[in-house]
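>>> have a look at this fold, sequence not included:
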Ligand code: GDP
Ligand code: IMO
Ligand code: MG
């Protein structure tokens, strides 16, 4: 794919897109795209929220297909910062529809909080939000179980080794486990339906979870009466938003609407293809889109892979390029690398292109968005991992998607010249300092993919976009 000239652009709150010459007030510069997927290529927090927000201007419906309130997607609009957890990041545009697909696990209380918080800031998303009747409900007892399991794995069992995953404790794993176990699971459609069968279902889930909590040594117990009251409230608040989103999305396509799929979490956290067992419990890669929405795999025309200019990880698990030193600390402070959902400090390291090449392959990425490039300003030199040395001394440029294999590798780096910053927001790729251009060229040639978007700050305007994306 040819890489067109890059221009800076801005999007105002109405979703209008402008060239470097200023806002045009219309969408006319932008050809409407077909269906696009945005997916994180590392261990999360790559800046997906920012890119989804920017691309929303060219789409009609933004769709979440996986994860739950473990995600934290940040969108910065001028002075305002929005942290979205369950609601798709397209919600800030007034005419955009947002869909929570069947692959998502929904904590209804958190969802209502999020809607209320947006409303208090002048954004009424309620009537534009559609929730799959097949999405599973995260109960309070799932969150209790998430915590209890983490405590158990951390050493309550008497084992000397801390085996905890470092989850967000948002109940994600236990809710997906119940989905697969089936009998005690509750779906959003059950919430809407209510009645005696829901009461039975809640009582069964509470009883089962109470046994599980007791066996893990946790003193917490779910209260079925409180849960029933919560459900009555949730059903009032959300009932009419719960629909068959599979038909809804197929109808949208039949009406020529453009869909934008928003991946939560990220490929290296994918339950099948990530650094198992230090992963989340859903298919976060684009492979999760068909199952998590009911759309055929061929629906997506363009896949945009979101990649930080370096690497971060929250929670436990192998991270070959991790920098446990002053450089890592500098990246953390410069990039404000603290979790959007939990506030935990993120582990930081150099860019690992072995990992990113693997996730580009897995997701069928067409174009890369290189985010947080500004965080690398001022380094004398920067390093990029291009292959791994294995314990037997041999080398490989293939990723090892299991935690035991990956924890034994040593990264092999290319060292590239650094560059000074900051740079003027109005500049294009060709105006970047030599070192930054060299860094981006190196990434493109190693991945064999174009960089279609370069981000040099959290705001919408701090973005350069290649012609092939707009
Ligand atoms: P997500 O989970 O992938 O949506 O990413 P998060 O929102 O958790 O974390 C990304 C953080 O980086 C947020 O605080 C963004 O506002 C911020 N951000 C996004 N792009 C840039 C950028 O180019 N430069 C800087 N400095 N910050 C950015
Ligand atoms: P966004 O969408 C970063 C990580 C957790 C933990 C592991 C399992 O903001 O990029 P879970 O609570 O899902 O059972 O935790 O996955 N994790 C994320 N890390 N960003 C995320 O989402 C994450 N979602 C889950 O830190 O290591
Ligand atoms: Mg995040």
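Perfect, I can see it now. What you see is a predicted model; the values in this text were computed from it and never measured. Numbers count the residues shown, from 1 in each chain. Ligands and ions are numbered 1, 2, ... in the order given.
>>> please report how far the nearest residue to residue 171 once chain neighbours are set aside lies from residue 150.
Nearest residue to residue 171 in three dimensions, chain neighbours excluded: residue 142, at 3.3 Å (CB to CB, 6 or more residues apart in numbering). Yep, even glycine has a C-beta here, placed from its N, CA and C like the rest. For residue 142, the distance to residue 150 equals 13 Å [CB to CB, to the nearest Å].
>>> neighbour count: those two, which is higher?
residue 142 (27 against 19; other CB atoms under 10 Å).
>>> I'd say that one and residue 175 touch.
Yes - judged on CB atoms under 8 Å, residue 142 makes contact with residue 175 at a distance of 4.6 Å.
>>> what number of residues lie near the spatially closest residue to residue 61 that is not a sequence neighbour?
Once flanking residues are discounted, residue 61 sits nearest to residue 97: 4.5 Å by CB to CB, 6+ apart. By the criterion of other CB under 10 Å, residue 97 has 23 neighbours.
>>> ok, residue 97 to residue 245 distance?
10 Å.
>>> any common contacting residues for the two?
Taking CB atoms under 8 Å, 6 or more residues apart in numbering as the contact rule, the neighbours common to residue 97 and residue 245 are residue 130.
>>> which helix in the protein runs the most residues?
helix 195-215 (DSSP state H).
>>> any idea how far whichever residue of the stretch 201-350 of the chain sits closest to ligand 2 lies from residue 332?
The nearest approach of the stretch 201-350 of the chain to ligand 2 comes at residue 315, 2.2 Å away (CB to the nearest ligand atom). For residue 315, the distance to residue 332 equals 15 Å [CB to CB].
>>> which of the two has more residues huddled nearby?
residue 315 (21 against 18).
>>> which strand or helix spans the residue nearest to that one when sequence neighbours are not counted?
Of all residues not flanking residue 315 in the chain, residue 166 sits nearest, at 3.0 Å (CB to CB, 6+ apart). Using DSSP states H and E, residue 166 is not contained in any helix or strand.
>>> any idea how many residues pack against residue 166?
Using other CB under 10 Å: residue 166 sits among 18 other residues.
>>> again, but for residue 410
12.
>>> which residues of this protein lie near ligand 3?
By CB under 5 Å from the ion, the part of the chain that sits against ligand 3 consists of 45, 72, 340.
>>> sort those by pLDDT and name the bottom one.
Within the set of the residues of the chain next to ligand 3, pLDDT is lowest for residue 340 (80).
>>> pretty sure it is touching residue 72, no?
Yes - counting by CB under 8 Å, residue 340 touches residue 72, with 2.8 Å between them.
>>> what touches both of those two?
45, 83.
>>> so what's the closest residue to residue 220 other than its chain neighbours up against?
Counting by CB to CB, 6+ apart, residue 144 is the residue found nearest to residue 220 once chain neighbours are left out, at 4.5 Å. By CB under 8 Å, 6+ apart, the contact set of residue 144 is 209, 213, 218, 220, 222.
>>> how about the secondary structure of residue 144?
helix (DSSP: H, G, I helix; E, B strand; the rest coil).
>>> how close does it sit to residue 84?
25 Å.
>>> neighbours of residue 466, how many?
Count around residue 466 with other CB under 10 Å applied: 21.
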